[in-house]
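model the structure of this input:
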Amino acid sequence: MSSFEDADTEETVTCLQMTVYHPGHQQNGIFQSIRFFNREKLPSSEVVKFGRNSNTCHYTFQDKQVSRVQFSLQLFKKFDSSVLSFEIKNMSKKTNLIVDNKELGYLNKMDLPHKCLVRFGDYQFLMEKEDGESLEFFEIEFSLSTRPLLQENNWLPQNRIPECGSYSSCSTQNNSPIEMGENEW
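Sure thing, here's the model as predicted:
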């Protein structure tokens, strides 16, 4: 037998590819602690936190508008499935998290779709999962977009989350119904 035949088969690893956007990313150095275009390998048991507190968060944003812990991602395996999935949880008491068009309040969580847009404030994250076989590890890879992801990916246009933290808790000036065309959302 050759050494090639004896070698362990290398498992593919689940990778979450995150494209990030913020309008002030160049001037403010918001993403300075994130290493772009570099796959980081993490144990599958790790809860990955995002926010401004470098003592608790794996990925930090240099921005006082971001909560100490803004949101977390955790890997899990569904029953009767060999595929790993992610769940996302909003950890901010001040600001809701929008996953595609679902609004998550404080401590609300949901399964992360295979491809989705996550937003809060002026932040936009396009998250795409690449399936792998390994149950021990996963990877996260960041890329930076210089253009808003909402327009670039033809996502349904929505306003950014208001300062009060929620669309539903802010009062609106006009409470009467609005007429929309067939192709408007």
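
and the nearest residue to Q65 once chain neighbours are set aside, how far from E46?
Residue nearest to Q65 in three dimensions, not counting chain neighbours: G121, with 5.7 Å by CB to CB, 6 or more residues apart in numbering. Every residue, glycine included, has its C-beta placed from N, CA and C. According to CB to CB, to the nearest Å, G121 and E46 sit 25 Å apart.

name the residue in those two with the higher neighbour count.
Neighbour count, other CB atoms under 10 Å: between G121 and E46, G121 has more, with 18 against 13.

just checking, the more buried one touches N96?
No - assessed by CB atoms under 8 Å, G121 is found out of contact with N96, at 10.1 Å.

what about the helices in this structure?
3-6, 25-28, 149-152 (DSSP state H).

what are the buried residues along stretch 119-139?
For stretch 119-139, a neighbour-count test (16 or more other CB atoms under 10 Å) marks 119-127, 129, 132, 137-139 as buried.

do stretch 43-51 as well
By neighbour count with 16+ other CB under 10 Å, stretch 43-51 contains the buried residues 44, 48-51.

I'd like the buried residues of stretch 119-139 written out as TSV, with distance to P113 and pLDDT added.
Listed next are the buried residues of stretch 119-139 as TSV, based on distance: CB to CB, whole Å; pLDDT from 0 to 100:
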residue	distance to P113	pLDDT
R119	14	96
F120	17	95
G121	21	93
D122	22	93
Y123	18	95
Q124	15	96
F125	13	96
L126	11	97
M127	8	97
K129	8	96
G132	17	91
F137	22	94
F138	17	95
E139	19	96
